[in-house]
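Trainee: compute the structure for the input listed below.
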Amino acid sequence: MLKISSLKKLVTDQMAIDLGTASTIIAVKDRGVVLDEPSLIAVNELTEEIVAYGQEAADMTGREGRDVSVKAPLIGGVVADFERTKKMLANFVKKARSGGSNIALSAIMTMPSDVTHVEQRALSNAAEEAGIGKVFMMEEGLAAAFGAGVLPTDKRASAIVDIGAGTTNVAIIAKGSVVHSASERFGSNEINAVLATHLRRHRGLQVGEETTEFLKTNFVSTFIPDDISRSIDVRGRDVQTGSPAAVEITTGEVYPVVEAVVRRIAELVKDTLTELRPEVAADIYDRGVVLTGGGSLLDGLDQYLRSYINLAVSVAEEPRYATVNGLVKLFDDPKLLERVSRNDLGILQNAEIPFEA
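Mentor: Below is the predicted model:
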């Protein structure tokens, strides 16, 4: 016989979903993070069938079978392919459910601050069709702030910069509300793109996604490197001959390429901070800026920002999970959840989704 407590666990699956361009992270109340997988699917081009999701699809990247291609159904934190996003989310939700329970559950999801009503409707529709009973939507910046330790009752302002793979969000939070925000549809994925372009144009080497991701996380520095002669061998395909080849690159060579992307992020932060009211600006001067999101883990990024905006910059604890941890906290405060979630359903139901099949 099922114990009451384990039965309760099946019924109260309250999920926090951070559906990101690069990764989907799901946490469940009282269980913490239960899923952290790449937001990718592998599709058989002949049958249009999805053959793998998440990590399994990521492992195929660059080495797919003849008729298979790996795709990202989300671009810039919003739905680019509705049907496939829905299937991917349904697969992840099923994996994350405790004991395989099919009892309707509630979920809170994040969205970029500049999301349109159509994009927001697409996200909540995808969640509903993935078998979630009630869907709350919430701004990324606010969720990241709660996850980084900002209290909803704190009347002084805090600045949170959430750097994802496809979006960068700057949110100024006071008393559990967003008092100012700015969002750009670019993030750390831009670094992968500029590295690949640099190697192709200047070194005659074509490289895959796995290689640029490795260089970004293990080799490049976003702040002037101490040792500009540190080098690494990069393998790929010779642009001219098509044969397998390798080139040696140094940190000094790729730093200017990467710095151009990081400067765009820094400029967004700086510009946002110039638009604040005096009291809010004073709070931020005292407190500095907190970085969240996977992009905040880039080597030297906090140093670069510190020197660019002349303010204290710190990285939140577990920055990749800040958003999802912030969402989970809301389940303990239903009143706050109602207040901060953006469910203008009247507007949403009338929004048409042009890409819904």
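Trainee: okay, buried residues for stretch 284-296 please.
Mentor: Buried residues in stretch 284-296, counted by 16 or more other Cβ atoms under 10 Å: 284, 287, 289-296. C-beta here means a position set from N, CA and C on the backbone, and glycine is covered the same way.
Trainee: can you check stretch 199-218 too?
Mentor: Buried residues in stretch 199-218 (16+ other Cβ under 10 Å): 199, 203, 205, 207, 211-213, 215-216.
Trainee: give me the subset of the buried residues of stretch 284-296 lying in strands.
Mentor: Judged by DSSP state E, strands contain the following of these: 289-292.
Trainee: tell me which of these is nearest to I163?
Mentor: Nearest to I163 among these is L291, at 6.6 Å by Cβ to Cβ.
Trainee: excluding its backbone neighbours, what's nearest that closest one?
Mentor: Closest residue to L291 apart from its sequence neighbours, by Cβ to Cβ, 6 or more residues apart in numbering: V315 at 4.8 Å.
Trainee: would you turn the buried residues of stretch 284-296 into CSV with pLDDT and distance to T168?
Mentor: Formatted as CSV, the buried residues of stretch 284-296 follow (pLDDT from 0 to 100; distance: Cβ to Cβ, whole Å):
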residue, pLDDT, distance to T168
I284, 97, 17
R287, 96, 20
V289, 97, 13
V290, 97, 14
L291, 97, 10
T292, 96, 11
G293, 94, 8
G294, 92, 11
G295, 93, 7
S296, 94, 10
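Trainee: so, low pLDDT: which residues of the stretch 101-250 of the chain?
Mentor: 101-104 (pLDDT under 70).
Trainee: make it 80
Mentor: 101-105, 111-115, 119, 123, 131 (pLDDT under 80).
Trainee: strands along that one, start to end?
Mentor: 106-111, 134-139, 158-163, 168-174, 177-184, 205-206, 231-238, 244-250 (DSSP state E, counting those that start in this stretch).
Trainee: angle of the last one against strand 231-238?
Mentor: Computed by axes from the mean of the first three to the mean of the last three Cα atoms, to 10 degrees, the angle separating strand 244-250 from strand 231-238 equals 150 degrees.
Trainee: same check, this time on the fourth one
Mentor: Strand 168-174 and strand 231-238 are oriented at 130 degrees to each other (the same axes, to 10 degrees).
Trainee: strand 168-174 - contacts with which helices or strands?
Mentor: helix 140-147, strand 158-163, strand 177-184, helix 251-273, helix 278-287 (3 or more Cβ pairs under 8 Å, 6 or more residues apart in numbering; DSSP states H and E).
Trainee: tell me which of those lies nearest to A193.
Mentor: helix 251-273 (8.5 Å).
Trainee: domain ranges for the chain?
Mentor: 4-36+81-143+322-340, 155-187+263-319, 189-258 (automatic domain parsing).
Trainee: for these, give me JSON lines that also has distance to R63.
Mentor: Formatted as JSON lines, these follow (distance: least, Cβ to Cβ, whole Å):
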{"stretch": "domain 4-36+81-143+322-340", "distance to R63": "19"}
{"stretch": "domain 155-187+263-319", "distance to R63": "21"}
{"stretch": "domain 189-258", "distance to R63": "9"}
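Trainee: which among the ones you listed is found nearest to G54?
Mentor: domain 4-36+81-143+322-340 (6.7 Å).
Trainee: can you give me how far the closest one is from the chain middle?
Mentor: Centroid displacement of domain 4-36+81-143+322-340 relative to its chain, using Cα atoms, centre = their mean, to the nearest Å, is 14 Å.
Trainee: repeat for stretch 289-309
Mentor: On the basis of Cα atoms, centre = their mean, stretch 289-309 sits 15 Å off its chain's mean C-alpha point.
Trainee: residue ranges of the helices in this protein, please?
Mentor: Applying DSSP state H to the chain gives helices spanning 4-11, 54-58, 82-96, 117-129, 140-147, 189-203, 209-218, 251-273, 278-287, 301-309, 322-330, 334-340, 345-350.
Trainee: adding distance to T47, write those helices out as JSON lines.
Mentor: Output for those, formatted as JSON lines (distance: least, Cβ to Cβ, whole Å):
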{"stretch": "helix 4-11", "distance to T47": "35"}
{"stretch": "helix 54-58", "distance to T47": "16"}
{"stretch": "helix 82-96", "distance to T47": "14"}
{"stretch": "helix 117-129", "distance to T47": "21"}
{"stretch": "helix 140-147", "distance to T47": "35"}
{"stretch": "helix 189-203", "distance to T47": "29"}
{"stretch": "helix 209-218", "distance to T47": "24"}
{"stretch": "helix 251-273", "distance to T47": "38"}
{"stretch": "helix 278-287", "distance to T47": "53"}
{"stretch": "helix 301-309", "distance to T47": "42"}
{"stretch": "helix 322-330", "distance to T47": "34"}
{"stretch": "helix 334-340", "distance to T47": "42"}
{"stretch": "helix 345-350", "distance to T47": "33"}
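Trainee: tell me which of the ones you listed sits nearest to V68.
Mentor: Closest among the helices of the chain, using Cβ to Cβ: helix 54-58, at 9.2 Å.
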